[in-house]
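Colleague: below are the sequence and a predicted model for it; my questions follow.
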Amino acid sequence: MNILVACLGGTVSSRTNSDGVMCSGEFKFNSSFFEKIMKGPNYRIIEPVCYASENATLADYRAALKGIYDAVGQDRPDAILILHGTDSMAYFAQLAVRVLSILKLPVVITGSKLPQDAPGSDAPGNLRMALGLLDAAVEGKTQNRTFGVVFEDSFTRTASFVPAQQIMTSDIKGDHKAFDCDREDFSAAKYVKPAVDFMMREASENDNILLIPASPSFPFEAVSDTGYGPVLISCYHCGTVDSIRLPAFISRVSAAGHKVYMAPIPQRRKMGKKDVVYQSTASLRGAEVKELPGMPLEGAWAELAFYGQ
């Protein structure tokens, strides 16, 4: 089995010193490191780009995904292991599943909460499960049906797996949760052109997605009309939003040429044949706002980044 390992930085490849955790790819991986975890596969290691995940930009993600895509084109592996920082791993994974699924290979993304040289680091366990899943995927020929994130659960202290299209940002303990949605097959032919277009797209201010948080008293009037592309409004868990001050903001940015979206959208309950929708949500449906249902906020962000605006 041939495994392509893409090292993109993050805590998993960091070291600790007197200044703290240095997340800049301090640890350089080699084949012997992975052979100690799982013998048998041939490991090919690349580092298309290295960044601290908390500082990640769409340009970083694009360079990383294109580097992986090009490496597969040069020497096709049986599976792909991606090492990434945990802070923005959910956003990266949501975008990666849309771009790399066209390769029709099993892909597992993992990292660690603690550097490898820290006592009790979760890195070895995460890597062991990630490689085990890839091995099982290759043997069972699941192709890109195995495409997700491996991380250690803080309660059970064991590694867990969440499909990439269901992944949400981790909580304060670093635990990722799954959004209850259908798993879409992003390897279908209709995704090939958008995926290639994304990797070849020139950077522009449209790469900047303005994410409006669901928080009380958000100062909409302080937001400029320039410097970003689409606007993504984060909903509260009921699918509700600020229906008093937000409409004026939507009208302003729409007039400035920005498309406006909102997510996540909960599954609607039925009352007879009619959806039960909060009045505050319904008030935006006629205000040039498009709902992005069936995906978490991170998936909605990735959808806008993937297709571009």
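Modeller: Happy to help now that I have it.

Colleague: quick one: buried residues of stretch 59-77?
Modeller: The neighbour-count check on stretch 59-77 (16 or more other CB atoms under 10 Å) flags 60-69, 71-72, 77 as buried. Yep, even glycine has a C-beta here, placed from its N, CA and C like the rest.

Colleague: can you pick out the most distant pair from these?
Modeller: Using CB to CB, the pair of the buried residues of stretch 59-77 lying farthest apart is Asp60 and Pro77, separated by 22.5 Å.

Colleague: elements contacting the helix or strand hosting Phe161?
Modeller: Here Phe161, judged by DSSP states H and E, is contained in strand 159-163. When contacts are defined as 3 or more CB pairs under 8 Å, 6 or more residues apart in numbering; DSSP states H and E, strand 159-163 sits against helix 123-140, strand 147-152.

Colleague: could I get those as TSV with mean neighbour count?
Modeller: Formatted as TSV, the helices and strands packed on strand 159-163 follow (neighbours: other CB atoms under 10 Å):
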stretch	mean neighbour count
helix 123-140	19
strand 147-152	26
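
Colleague: mind putting these into TSV with mean pLDDT and distance to Ser112?
Modeller: Conversion of the helices and strands packed on strand 159-163 to TSV gives the following (pLDDT from 0 to 100; distance: least, CB to CB, whole Å):
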stretch	mean pLDDT	distance to Ser112
helix 123-140	93	4
strand 147-152	94	8
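
Colleague: in CSV, list the ones you listed along with distance to Ser254.
Modeller: Converted to CSV, the helices and strands packed on strand 159-163 look like this (distance: least, CB to CB, whole Å):
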stretch, distance to Ser254
helix 123-140, 43
strand 147-152, 35
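
Colleague: which of these sits closest to Met168?
Modeller: With CB to CB as the measure, strand 147-152 is the member of the helices and strands packed on strand 159-163 nearest Met168 (10.1 Å).

Colleague: what pairs with the closest one, parallel or antiparallel?
Modeller: With DSSP bridges as the test, strand 147-152 is paired with strand 107-110 (parallel), strand 159-163 (antiparallel).

Colleague: list the contacts of Phe27.
Modeller: If you count contacts by CB atoms under 8 Å, 6 or more residues apart in numbering, Phe27 has them with Val12, Ser13, Ser14, Arg15, Pro115, Gln116.

Colleague: what score does the second one have for pLDDT?
Modeller: The one in question is Ser13. pLDDT for Ser13: 83.

Colleague: quick one, phi psi at it?
Modeller: phi -110, psi 30 (degrees, to the nearest 10).
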